[in-house]
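A.B. asks: here is a sequence together with a model predicted from it:
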Amino acid sequence: MRVAGIMSGTSLDGIDVAIIDIDGDGFDTVGFTTAPYPEDVRAALLAVSNCGTHTREIARLNFLLPELYAEALFEACKQAGEKPASVELIGCHGQTIYHEGAPAEYLGRKLACTLQIGDGAVLAERTGIAVVSNFRPRDMAAGGQGAPLVPFVDYLLFRSKERARVALNIGGIANVTLIPRDAAPEQVLAFDTGPGNMVIDQIAARATGGRFDRDGALAQRGEVHLDLLETLLEDDFYAKKPPKSCGREQFGALFADRFYAAGLSHEAAAATATLLTAATIANAIYEFGAAEETEPEVIVAGGGVHNPALMKALAAEMPDCDVFSSAELGLDPDAKEAIAFAILAHETWHGRPGNLPSATGAKRAVVLGQLARA
């Protein structure tokens, strides 16, 4: 079955589209492309992400995004030399604008919630292809945090009989999937570790007006502010036991302000934020068991894999682990999450659960998402 996965993550850098052919337990990648968000769209998304806004803006973006998703899919097909009609199913994550995985008091009730925009029905109408979207709420309804969902796919792709493995994704938020040697599904532990690129990107935007600290250049020119780093590492989130998830609500603009409130230069802020990401990832891996086995492999995907300063910091923080890009195992690190949502959509299409309760905290495995038939 040919399935397209469409992913736009918390970094708000653009739309990833992966087209794969799924056959039995394996898949082949047909094509992959990234369509950057236009600056005005990115600004509009930031303006409704954990911010005071107008419902009109959210509604408009909810209908605008599937137009952009459809265009990105058509471009991915064009680049791959394939016709859009060859795609039989789309798995679309949508754009998260709010995520509160842990229940909070609200109007006399205690509940968790999440919101991904980018309407699946509009996407199905524009493409003529069935769409599975809105994956997270069903897991939350079953008592989970709705995240992380990619560990289901990490387990399928990376489980090894010989070695413990950690699947590390560094997007806006960093998350890990801890897979013991020869693990059963219920032995897999997965959770968000804290900021990935999110804080680094905000500092780079303030320093240069760009979206990223390209090649880690800003961080490499700065010195880490150890006192601030120590303070930041005391955040309650890091001490919480999994399952746990986080987002822009914890590590957005207000969090980035703390670096400048401490009087740091752009360079020192970037260096400190980079080490914060590396240290919180490493601490989580060691604390929750994956590093107990000899020389576990840490397989890195996501945008952070392209930041040399961050990869160097990770290797330094985990000297007894083998840290490398998923590309070394034949999986494009930029395409991984889009591929994951293609696989999750395929599971939903066949009526099979797509969450790992050990990762999300759900009471049971459930079929994810909402289906809009073409």
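C.D. replies: Noted; the coordinates are in hand.
A.B. asks: now for the spatially closest residue to residue 255 that is not a sequence neighbour, how many residues are close by?
C.D. replies: Excluding the flanking residues, the one nearest residue 255 by CB to CB, 6 or more residues apart in numbering is residue 199, at 6.3 Å. No exception for glycine: its C-beta is placed from N, CA and C like everyone else's. Neighbour count for residue 199, taken as other CB atoms under 10 Å: 26.
A.B. asks: helix, strand, or coil at residue 199?
C.D. replies: Secondary structure, DSSP: H, G, I helix; E, B strand; the rest coil: residue 199 is helix.
A.B. asks: and residue 15, how many residues sit next to it?
C.D. replies: 26.
A.B. asks: so where does it fall, helix or strand?
C.D. replies: strand 14-23 (DSSP states H and E).
A.B. asks: what about that strand, average pLDDT?
C.D. replies: Mean per-residue pLDDT for strand 14-23: 97.
A.B. asks: next: stretch 198-215.
C.D. replies: 89.
A.B. asks: what's the domain layout of this protein?
C.D. replies: Taking automatic domain parsing as the reference, the chain has its domains at 2-147+334-372, 151-329.
A.B. asks: partners of the strand holding residue 15 in the sheet?
C.D. replies: Using DSSP bridges, the strands paired with strand 14-23 are strand 2-7 (antiparallel), strand 26-36 (antiparallel).
A.B. asks: on that earlier part again, residues in contact with the residue nearest to residue 255?
C.D. replies: Applying CB atoms under 8 Å, 6 or more residues apart in numbering to residue 199 gives the contacts 251, 255-256, 259, 273, 276-277.
A.B. asks: which one of these is nearest residue 167?
C.D. replies: Using CB to CB, residue 277 is the member of these that lies nearest residue 167, at 16.5 Å.
A.B. asks: can I get the helix or strand hosting that closest one in CSV? Just the C-alpha atoms.
C.D. replies: Element membership for residue 277 (DSSP H and E) is helix 266-287. Only the C-alpha atoms of helix 266-287 are listed here, as CSV (Å, rounded to 0.1, in the frame of the first residue of the first chain):
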residue,chain,number,x,y,z
HIS,A,266,23.3,35.9,22.1
GLU,A,267,26.3,33.6,21.8
ALA,A,268,26.4,32.6,25.5
ALA,A,269,22.6,32.1,25.4
ALA,A,270,22.9,29.8,22.4
ALA,A,271,25.8,27.8,24.0
THR,A,272,23.9,27.4,27.2
ALA,A,273,20.7,26.4,25.5
THR,A,274,22.6,23.9,23.4
LEU,A,275,24.1,22.3,26.4
LEU,A,276,20.8,22.3,28.2
THR,A,277,19.3,20.2,25.4
ALA,A,278,22.2,17.8,25.4
ALA,A,279,22.3,17.5,29.2
THR,A,280,18.6,16.9,29.6
ILE,A,281,18.6,14.3,26.9
ALA,A,282,21.6,12.5,28.5
ASN,A,283,20.2,12.7,32.0
ALA,A,284,16.9,11.2,30.9
ILE,A,285,18.6,8.3,29.1
TYR,A,286,20.8,7.5,32.1
GLU,A,287,18.1,8.0,34.7
